[in-house]
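S.K.: No sequence on hand, only this structure:
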């Protein structure tokens with residue numbers, strides 16, 4: 001790509017993905033210094049001039065979410081005050097995406113609050129991947145490109161399944177049915193849905209399987225794996241109904257609390273994630289985890305955005 005007028009910056013937690021994006025584009029990851037004062041306040045210093053530049057800032061919506069979000073907001077603001085021409089916030093996983101609606105009295109719509117904060121900080125454009133709820137795009141009054149991991153997931157399934165004719169794509173809840181049917185149609189595979197009832201967040205009360213999985217390789221597809229209770233129970237339910245093996249493919253591997261211990265103790269054959277979240281330590285602790293590299297997708301989105309090209313190609317294709 002033409003390198004003039006482009007600067008790529010990164011927060012502290014997702015520097016590995018930012019570096020992979022830069023390597024793909026043939027750019028240098030620009031130096032930034034992030035410090036913490038004794039009282040916990042974050043201070044950011046941009047190490048290069050961004051005046052008149054097209055700036056892309058890679059943030060992180062996992063780990064210490066609040067600190068990472070504040071760090072990103074400060075970096076955006078710093079670039080705005082430094083007269084950057086355009087600021088694009090790259091949020092591989094959108095923070096607070098599961099708080100996208102008022103589902104009970106006095107509940108906040110925190111995903112909208114995050115949108116307001118990014119806008120007020122000075123962002124001109126947002127790039128993210130597999131939003132938990134697509135309507136979050138409407139919370140912004142600026143362009144939002146919601147990229148999909150689906151093409152990379154389909155490629156992985158084709159390259160790694162024992163027999164594509166015996167594959168069943170499974171949604172762990174009704175909300176993921178559209179995603180699962182799209183993948184199943186493109187693979188010409190069967191699909192099934194697990195209906196789950198929750199007593200409270202991160203705790204599944206019961207599950208009911210809809211679909212035939214007898215002697216099938218079941219691939220459970222979801223956007224977020226947090227505490228992994230749903231994945232483990234889904235795998236048990238599928239194996240009870242005669243599945244030959246269960247593989248989980250998840251875009252965002254958050255792996256909170258004792259998620260790794262649950263996966264290690266489960267009957268799941270493997271858990272495939274993308275590198276939207278930094279998980280190097282957790283990968284070392286769990287041999288079942290495999291990683292799909294989505295840096296080329298983000299890199300191509302950066303290139304196309306900078307050159308004024310459409311990014312819709314990425315909705316169905318994996319960059320070579």
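M.R.: It's in. All of these numbers come straight from a predicted model, not from anything done at the bench.
S.K.: Confirm residue 112 sits in a helix?
M.R.: Yes: note on residue 112: a helix contains this position according to DSSP: H, G, I helix; E, B strand; the rest coil.
S.K.: Was I right to think it contacts residue 140?
M.R.: No: checked against CB atoms under 8 Å, the pair residue 112 and residue 140 is beyond contact range at 9.3 Å. Just so you know, the C-beta spots here come from the backbone N, C-alpha and C atoms, and that holds for glycine as well.
S.K.: which residues does residue 217 bridge with?
M.R.: residue 167, residue 245 (DSSP bridges).
S.K.: What residues does it make contact with?
M.R.: When the contact criterion is CB atoms under 8 Å, 6 or more residues apart in numbering, the partners of residue 217 are 161, 162, 163, 166, 167, 168, 243, 244, 245, 247.
S.K.: Quick check, pLDDT for it.
M.R.: In the prediction, the pLDDT value recorded for residue 217 is 96.
S.K.: residue ranges with poor pLDDT in the stretch 101-250 of the chain?
M.R.: Along the stretch 101-250 of the chain, the parts satisfying pLDDT under 70 run over 198-205.
S.K.: Please enumerate the helices of it.
M.R.: Using DSSP state H, counting those that start in this stretch, the helices of the stretch 101-250 of the chain run over residues 110-121, 150-160, 177-187, 229-240.
S.K.: In TSV: those, plus mean neighbour count and distance to residue 302.
M.R.: Output for the helices of the stretch 101-250 of the chain, formatted as TSV (neighbours: other CB atoms under 10 Å; distance: least, CB to CB, whole Å):
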stretch	mean neighbour count	distance to residue 302
helix 110-121	18	18
helix 150-160	17	17
helix 177-187	17	25
helix 229-240	20	32
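S.K.: before we move on, the earlier item: which residues are common contacts for residue 112 and residue 140?
M.R.: Common neighbours of residue 112 and residue 140, using CB under 8 Å, 6+ apart, do not exist here.
S.K.: rewinding a little: redo the helices of the stretch 101-250 of the chain as CSV? Include distance to residue 317.
M.R.: What follows is the helices of the stretch 101-250 of the chain, written out as CSV (distance: least, CB to CB, whole Å):
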stretch, distance to residue 317
helix 110-121, 28
helix 150-160, 6
helix 177-187, 12
helix 229-240, 28
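S.K.: same for the longest strand along the chain, what does it pack against?
M.R.: Across the chain, the strand with the greatest residue count (assigned by DSSP state E) is strand 190-200. Contact partners of strand 190-200 among helices and strands, from 3 or more CB pairs under 8 Å, 6 or more residues apart in numbering; DSSP states H and E: strand 167-171, helix 177-187, strand 203-210, helix 229-240.
S.K.: Please name every helix or strand in contact with the last one.
M.R.: I take that to be helix 229-240. Secondary elements touching helix 229-240 (3+ CB pairs under 8 Å, 6+ apart): strand 190-200, strand 203-210, strand 217-225, strand 245-253, helix 259-265.
S.K.: hmm, back to that, make TSV from the helices and strands packed on strand 190-200 and add distance to residue 300 to it.
M.R.: Formatted as TSV, the entries for the helices and strands packed on strand 190-200 read as follows, by distance: least, CB to CB, whole Å:
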stretch	distance to residue 300
strand 167-171	26
helix 177-187	20
strand 203-210	37
helix 229-240	30
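S.K.: what about residue 212, how many residues close to it?
M.R.: Using other CB atoms under 10 Å, residue 212 has 12 neighbouring residues.
S.K.: Touching, it and residue 193? I think so.
M.R.: No: taking contacts as CB under 8 Å, residue 212 lies outside contact range of residue 193: 11.8 Å.
S.K.: Show the contacting residues for the closest residue in space to residue 161 that isn't next to it in sequence.
M.R.: Leaving aside its sequence neighbours, residue 161 sits nearest to residue 167 (CB to CB, 6 or more residues apart in numbering; 5.3 Å). Shown here is residue 167, whose contacts under the criterion CB under 8 Å, 6+ apart are 157, 161, 187, 189, 190, 216, 217, 218, 219.
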